[in-house]
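S.K.: Here is my input; please provide its structure:
(2 chains)
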Protein chains: 2
Amino acid sequence: MDIDSTAQDKARFFAGAWGRVKALPGKLKAKVTSTAKSIKRLGQDDPRRLTHSLKVGLALTLVSLLYYARPIYDGFGVSGMWAVLTVVVVFEFTVGGTLSKSLNRGFATFLAGALGLGADYFASLFGKNGEPIVLGILVFLLAAAATFSRFFPRIKARYDYGVLIFILTFSLVAVSGYRVNELVVLAHQRLSTIIMGGATCMLISIFVCPVWAGEDLHKAIASNLEKLATYLEGFGGVYFQSSESDGMGTGKSFPQGYKSILNSKSNEESLANFARWEPGHGRFRLRHPWKHYLKIGALARQCAYQIEAINGCIGSDHIQGSEEFKGKIEGSCTRMSAECGKTLKALARSMKTMTDPYSSANTHVENSKAAMKDLKFALKAASLENADLAAILPAATVGSILVEIVKCVEKISEAVHELSQLAHFEKETVEPTVSPEKRPQLLHRGIIQPVLDGDSTANDNVVITIHEIISTDSPENEKACDQHQVPKPGKKIEAL
Amino acid sequence: MDIDSTAQDKARFFAGAWGRVKALPGKLKAKVTSTAKSIKRLGQDDPRRLTHSLKVGLALTLVSLLYYARPIYDGFGVSGMWAVLTVVVVFEFTVGGTLSKSLNRGFATFLAGALGLGADYFASLFGKNGEPIVLGILVFLLAAAATFSRFFPRIKARYDYGVLIFILTFSLVAVSGYRVNELVVLAHQRLSTIIMGGATCMLISIFVCPVWAGEDLHKAIASNLEKLATYLEGFGGVYFQSSESDGMGTGKSFPQGYKSILNSKSNEESLANFARWEPGHGRFRLRHPWKHYLKIGALARQCAYQIEAINGCIGSDHIQGSEEFKGKIEGSCTRMSAECGKTLKALARSMKTMTDPYSSANTHVENSKAAMKDLKFALKAASLENADLAAILPAATVGSILVEIVKCVEKISEAVHELSQLAHFEKETVEPTVSPEKRPQLLHRGIIQPVLDGDSTANDNVVITIHEIISTDSPENEKACDQHQVPKPGKKIEAL
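M.R.: Numbers count the residues shown, from 1 in each chain, chains lettered A, B, ... in the order given. Here you go, the predicted structure:
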């Protein structure tokens, strides 16, 4: 019995093991396939990643072969290795990153090398016994002071790598144990190889499929505005339609793209830092106002926080609010969010084309403000005698936050306009400032004169002669404009 | 005349220049003073920065002197330099950062060195002419592939530095031009010096005033909860009091500490990444659930977004809302925010003391939910016949967002409770679960018996004998608890 069960256990064990061995190729295949897929996706998401990898390979191969080639190798000695080292640590994804690191490395090496020579000379005055003690104290003091300086936010942001290399080079030179005249030769060799490595990186990163941090920042901010616009343009439709059927069950949902904006700060800041190192490129001049992008980015985040609050309110809207009340504010709320969306779309477009957004965006800003006023009237007019405030509240809160979003979008519009002036965006070609949304409100008083006489091919055409155009711009609207100290839409054509 | 004016110009110029020269020491002094002040502030903000700087100085001096000392220098050759290099680039502020970089560097050097030797051997098979071509191709392929792998988020987060060092070492070894048997000696020397440098860093960072990334993360999350609590606890008082006088002009203002939470994501993520490399320390075991902290951090950010939305509403509250309506919801809103604040305070305290927050926080969560119900009743009861919805809206929106905050705080409470289970926090000592806020609601039926007879020193004392305590816990409250499937406060003592 006992032997039998042991035998059975063994048989089971081997069967299990064999099963696992048989399953191994399948599992391996699945693993390889999934890895291959994720590699492919990574490349497709941003093909520049692939280009960057090939560029690093190219730079490294070039420098390595120079180092490998005997004549240069003999000339530079072991220092040739520093060229390889420089390429590996200095080559960054963006041109700005590469330039920042290369220049930091170059200057820091030069400065620290000179200081190290001085320290060596100074220490040698103390004789053979005193020298290591003096050198040790100097290295300690300098390393501690330089490390502490890395905590200053401004140094951290722009010169962190330079300080690191400064400490490194100073220590290496100071304690190298060579005599000063030997050191000068060594320092010269090392500096020239570092310059060689850095120059290779800079040239390849600038001239072979360059990735400009500035351009990336510009595009990232514009795309953030677009993400906000996508949410706001669709918002009214989804929110108010869904409530008409069975609460959010219409299949339509809110685009969640804006969520990536919530945590965009660190990325934007590092791009802006790198952008400042870049030379003029494409449509960006050398002293492009990169810092101003951070202001727009912060406002966009502010807007995203408000949207997040709206999303929270909607998500918890279990208690179906009063449909009657929702219907009353639907028009103005939908218009508010749609006009905000259009403003942001216009701003994003104007950033992309680098034209002044003034006229195109301002009309939508004014429209959204008018809708805000309408909402206030609707709220004032809403008869609340039979209504239950608890039922009204969810929709009212959405309206209230939309009012905040309108204000935020106005600030974004002003910031983009400021940017367009600082960066000398092109003036827009003069367009009619009356937005398409307002056109239906225009009263046409004209004569429709069918063309029947003469030309036989044009017999389907109708000539419309418009004698007078009366805008329905109410005094109410003008007052709203004055209150907010924004030029009225009508004045804009003159300003252009 | 002409000469006269030229002389006058000259005199003016020199006077100006002299003035500037005279002002120079003052300016210089001001500059030095302001720099000194900012250095002092930087050190006072976090004294560990100073300690860190001294630690780096110490590590570097130790390694440098080893390198400087002839016997070791002769033993290691130029490779000794690698120890200095390792210390400079590997020493990070936190223990986790230093360990992560040291281990990455060690393993990457070992692996890449072995692969480089293999590549050298493989290339040598192709003869003197083929060798550089084969080596070039190998370096190109490996560098490109490794660089691409750095774009994988998981590799980026944990092994970025390792991959960098891998590329570096492989290129250096592969193209060094030495013969294989020479290379083995060189690789051995280099690896041992790197280990020496890395070990120095690790030992100093662990044993000299260690800064643990894990502990920092733990404290950062707890302090974020506290910042939210500070805002919420003070909110009701400031918001409702200010409206009673002349709109926000009471001198009291909302604490803005929560704003730092909005952009805390990247910092928390890097701390969590470093924490995973750290050995057990203090009250944290080796496999402490660091990832779970990110979940709590995300929920805290969610709560901060809601507060930001409230702040937006308050800031734009030009149109003074209906005071009557505000008065109606004041009680429940103040209670909601205060109880949320107390919950968060209790959670932060329980994190700091590493005790299970269940009983202390849960009571406040239940209280805040009860206040939420009260708000709904208040809204239902508010007579709206004479009210203007536009005037009501600002206060109503604040109430509505507070409801969202209550929900968010409940989630935070659950997440901290989960953490306390995952991390085996101590059970709390049994405390009365009736919160102090509920005590005034207790009805005391007792006899107040002045102590007049006998003791002359105690003649001011009064003995109160309480015969019976009747709690006013209403069935309504119990129902609320059941609905949310959270154990009733009364049941908690048994659970402990």
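S.K.: which residues of the stretch 251-400 of chain A score low on pLDDT?
M.R.: The stretch 251-400 of chain A contains residues with pLDDT under 70 at A:251-252, A:315-322, A:383-387.
S.K.: Who are the contact partners of the residue of the stretch 301-450 of chain A found nearest chain B?
M.R.: Here the stretch 301-450 of chain A gets closest to chain B at one residue, A:A309, 3.5 Å apart by CB to the nearest CB. Using the backbone N, CA and C atoms, a C-beta is placed for each residue, glycine as well. Going by CB atoms under 8 Å, 6 or more residues apart in numbering or on different chains, A:A309 touches A:401, B:305-306, B:308-309, B:401, B:404.
S.K.: and of these, the nearest to A:K22?
M.R.: B:Y305 (52.1 Å; CB to CB).
S.K.: Pretty sure the closest one sits against A:I307.
M.R.: No. Counting by CB atoms under 8 Å, A:I307 is not a contact partner of B:Y305; they are 9.4 Å apart.
S.K.: and the helix or strand encompassing A:K380, what other elements does it pack with?
M.R.: Assigned by DSSP states H and E, A:K380 belongs to helix A:358-381. With contacts defined as 3 or more CB pairs under 8 Å, 6 or more residues apart in numbering or on different chains; DSSP states H and E, the packing partners of helix A:358-381 are helix A:323-353, helix A:389-422, helix A:475-483, helix A:492-495, helix B:389-422.
S.K.: Now that helix: buried residues?
M.R.: A:358-372, A:374-376, A:378-379 (16 or more other CB atoms under 10 Å in any protein chain shown).
S.K.: sorry, back to before: would JSON lines of the helices and strands packed on helix A:358-381 with distance to B:G198 and mean neighbour count be doable?
M.R.: Converted to JSON lines, the helices and strands packed on helix A:358-381 look like this (distance: least, CB to CB, whole Å; neighbours: other CB atoms under 10 Å in any protein chain shown):
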{"stretch": "helix A:323-353", "distance to B:G198": "47", "mean neighbour count": "22"}
{"stretch": "helix A:389-422", "distance to B:G198": "47", "mean neighbour count": "23"}
{"stretch": "helix A:475-483", "distance to B:G198": "66", "mean neighbour count": "13"}
{"stretch": "helix A:492-495", "distance to B:G198": "65", "mean neighbour count": "12"}
{"stretch": "helix B:389-422", "distance to B:G198": "32", "mean neighbour count": "22"}
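S.K.: closest one to B:T51 among those?
M.R.: With CB to CB as the yardstick, what comes closest out of those is helix B:389-422 (29.3 Å).
S.K.: so how far is that closest one off the chain centroid?
M.R.: Remark: helix B:389-422 is offset 21 Å from the chain centroid, using CA atoms, centre = their mean, to the nearest Å.
S.K.: How about stretch A:30-37?
M.R.: The answer for stretch A:30-37 is 30 Å, by CA atoms, centre = their mean.
S.K.: Could you give the average pLDDT over it?
M.R.: Averaging pLDDT along stretch A:30-37 gives 89.
S.K.: With stretch A:144-151 instead?
M.R.: Per-residue scores along stretch A:144-151 average to 93.
S.K.: now stretch A:116-133
M.R.: 86.
S.K.: And for that stretch, what's in contact with it?
M.R.: Taking CB under 8 Å, 6+ apart as the rule, stretch A:116-133 contacts A:134-135, A:138, A:169-174, A:176, A:180, A:183-184, A:187, B:65, B:68-69.
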